Every structure is written in C-alpha cells, then in structure tokens.
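Colleague: heads up, no residue letters with this:
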C-alpha cells in the first residue's frame, strides 16, 4: 500500500494521466502492492471528491474514502472489465460507501430524535405523516431496485450525488449522450414504477 504523510493534501494527491486502471486492478487482485499503490495514487483524489460531495464532511469523507480504497484492494479480483470501466467500478464502490455513511448518520440522528421525543405526546396527524413519509421512502427504494445497474448508477450520481450530466459521464467513463440516456431511461422507469402522471 502507498505510504501516506499526515494531513489531507498528501493523502489525496494528483492522479496520473493515462494510467491503465484495469491492469492495475488485475495486478492488485494478485496481491501486487506496488500496483495498488499506483492505483491508489491515480484514483484517491477522485474517490475523495465523490465521497465529499455525498457526505459533505471532510473528516468523515477521508475515512469513507479510505474505507472505499481498502474495499477496492480487498475485492479487486471481482472487477469484470466486460461489465464497465475500472473507474466506474471503483466510483460505484465509493459512492455506495458514502451513501451508507449518510444513511448511518441519519439513522443515528433518528434514534436520538426518537429517544428525545419519547415522552412527548404525538398527535394523530404527526403519526400519519410519519407513516406516509416512510411508505413513500420505501416505494422510492423499491423503484430504484427495479432499475438496471447502469441506470441506477447514473441516476444515483445525478440525483443523490448532485453531479451534472457531464460529470456523470466522466465518472462512469461513458460518452455524455450515453449518460443522458441512462439517466432519462432510469427516470422514465422510476416514473412508471411509482405510477407518477407525466
């Protein structure tokens, strides 16, 4: 693994242009630590940037990015170039880790809120509103599960990650038109699954 110097700047240093990420992943899968060090140097800044856009907290983002990179090292043998680019595969891992951290933080906040408000009297309307929101959230999660992997990645980056279509195309390593098509098709499928009138 690459040696790191204290402080955020050296950890998230620049990426090498034209690096064969798929080749480095294959070598990492065979236990080549030098290959992984090169891979780390090439993608760490991008992974940190993606995580920061989702998590919003720099300290937590560094932790999540490190967890994602460790997961990439551990699961590098699972990378299948026939299913997408190396950068897309790695950014998907990082995005999922970031979303998991946000969900975990939200769950913790919800637990604290529940604990703090246990003794407060709740009106029927508040309870009904809570049930409606949870049902809506579950419907959206189920609808997202109905998307193909490529559609879900594109929609999550655009609408959960806050990226523009151009940025989504870059992150997924696909042409802009392909990214737009995946997002559009994903939104149409979500609309149809949720029964939303156009």
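Modeller: Arrived safely, thanks for sending. Because the structure is predicted, anything quoted here is derived from the model rather than measured.

Colleague: middle-most residue in this protein, spatially?
Modeller: Most central in the chain under CA atoms, centre = their mean is residue 95, positioned 1.2 Å from the mean C-alpha point.

Colleague: hang on, isn't it packed against residue 50?
Modeller: Yes - Residue 95 is within contact range of residue 50, at 6.1 Å (criterion: CB atoms under 8 Å). Just so you know, the C-beta spots here come from the backbone N, C-alpha and C atoms, and that holds for glycine as well.

Colleague: so where do the helices sit in this structure?
Modeller: Along the chain, the segments classed as helices by DSSP state H run 8-11, 21-29, 33-55, 58-75, 86-116, 124-145, 149-155, 165-172, 176-194.

Colleague: Any chance of a markdown table for those, columns mean pLDDT?
Modeller: What follows is those, written out as a markdown table (pLDDT from 0 to 100):
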| stretch | mean pLDDT |
| --- | --- |
| helix 8-11 | 31 |
| helix 21-29 | 95 |
| helix 33-55 | 95 |
| helix 58-75 | 95 |
| helix 86-116 | 87 |
| helix 124-145 | 72 |
| helix 149-155 | 85 |
| helix 165-172 | 86 |
| helix 176-194 | 86 |
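
Colleague: which residues touch stretch 92-112?
Modeller: Stretch 92-112 has contacts (CB atoms under 8 Å, 6 or more residues apart in numbering) with 47, 50-51, 54-55, 60-61, 63-65, 67-68, 71-72, 75, 153, 156-157, 160-161.

Colleague: Over to stretch 21-37?
Modeller: Where contact means CB under 8 Å, 6+ apart, the residues beyond stretch 21-37 that reach it are 1-2, 38-39, 42-43, 72-73, 76-77, 79, 81, 85-87, 89-90.

Colleague: please redo it, this time with the cut-off set to 6 Å
Modeller: The contact list for stretch 21-37, computed with CB atoms under 6 Å, 6 or more residues apart in numbering, reads 2, 38-39, 73, 76-77, 79, 81, 86-87.

Colleague: Pull out the buried residues from it.
Modeller: If you call a residue buried by 16 or more other CB atoms under 10 Å, then stretch 21-37 has these buried ones: 21, 24-29, 35-36.

Colleague: and if you look at stretch 139-159?
Modeller: Of the residues in stretch 139-159, 143-144, 147, 150-158 count as buried by neighbour count, 16+ other CB under 10 Å.

Colleague: Looking at the residues you listed, which is nearest residue 177?
Modeller: Using CB to CB, residue 154 is the member of the buried residues of stretch 139-159 that lies nearest residue 177, at 12.1 Å.

Colleague: Ignoring the adjacent residues along the chain, who's closest to that closest one?
Modeller: Excluding its sequence neighbours, the residue lying closest to residue 154 (CB to CB, 6 or more residues apart in numbering) is residue 182, at 3.8 Å.
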